[in-house]
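Asks: need a 3D model of the following:
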Amino acid sequence: EDVTVPAGTFRALRLEATGTSRRLDRATRHAGTVHYVYWYVPQVKRWAKMTMEGLDGHGFPATRESEELIFYGRD
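Replies: Prediction:
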């Protein structure tokens, strides 16, 4: 699918992954799920966009991150 980011519009392969996460650095072990989406662009040889959403053990949003390619130097 096409993905538009500050660096431009690219034809991308959308990859999704969902899994579980567990905190080991606290006395209480927090568990939840995490969902990643990457838009990989073969032309750039990397992803142009990534989103991640983490849900706590009760299904409530716990964390959200996103990254976008802002510059691509075409030769």
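
Asks: quick one: the helices in the protein?
Replies: Using DSSP state H, the chain contains no helices.

Asks: give the bridge partners for residue 18, please.
Replies: With DSSP bridges as the criterion, residue 18 is bridged to residue 35.

Asks: can you count the residues close to residue 5?
Replies: Neighbours of residue 5 under the rule other C-beta atoms under 10 Å: 19. To be clear about C-beta, it is placed using only N, CA and C from the backbone, and glycine gets the same treatment.

Asks: equivalent analysis for the one 4 residues further on, please.
Replies: Taking other C-beta under 10 Å as the criterion, the count of residues near residue 9 is 10.

Asks: list the contacts for the one residue sitting closest to the centre of the chain?
Replies: Centroid check for the chain by C-alpha atoms, centre = their mean gives residue 51 as the closest residue, at 2.8 Å. Applying C-beta atoms under 8 Å, 6 or more residues apart in numbering to residue 51 gives the contacts 36, 37, 64, 65, 66.

Asks: over to residue 67?
Replies: Residues near residue 67 by C-beta under 8 Å, 6+ apart: 49, 50.

Asks: tell me how far it lies from residue 57.
Replies: Counting by C-beta to C-beta, to the nearest Å, the gap from residue 67 to residue 57 is 26 Å.

Asks: again, but for residue 45
Replies: Plainly put, residue 45 is 37 Å away from residue 57 if you go by C-beta to C-beta.

Asks: neighbour count for these two, which is higher?
Replies: Set residue 45 next to residue 57 and count neighbours by other C-beta under 10 Å: residue 57 wins out with 14 against 7.

Asks: for the more buried one, give me phi and psi.
Replies: Main-chain torsions, residue 57, degrees, to the nearest 10: phi -60, psi -10.

Asks: so it sits against residue 31, correct?
Replies: Yes: using C-beta atoms under 8 Å, residue 57 makes contact with residue 31 at a distance of 4.9 Å.

Asks: coming back round to it: look up which residues are beta-bridged to the residue nearest to the centre of the chain.
Replies: For residue 51, the beta-bridge partners are residue 37, residue 66 (DSSP bridges).

Asks: which stretches of the protein have low pLDDT?
Replies: For the chain, the stretches flagged by pLDDT under 70 are 26-30, 74-75.
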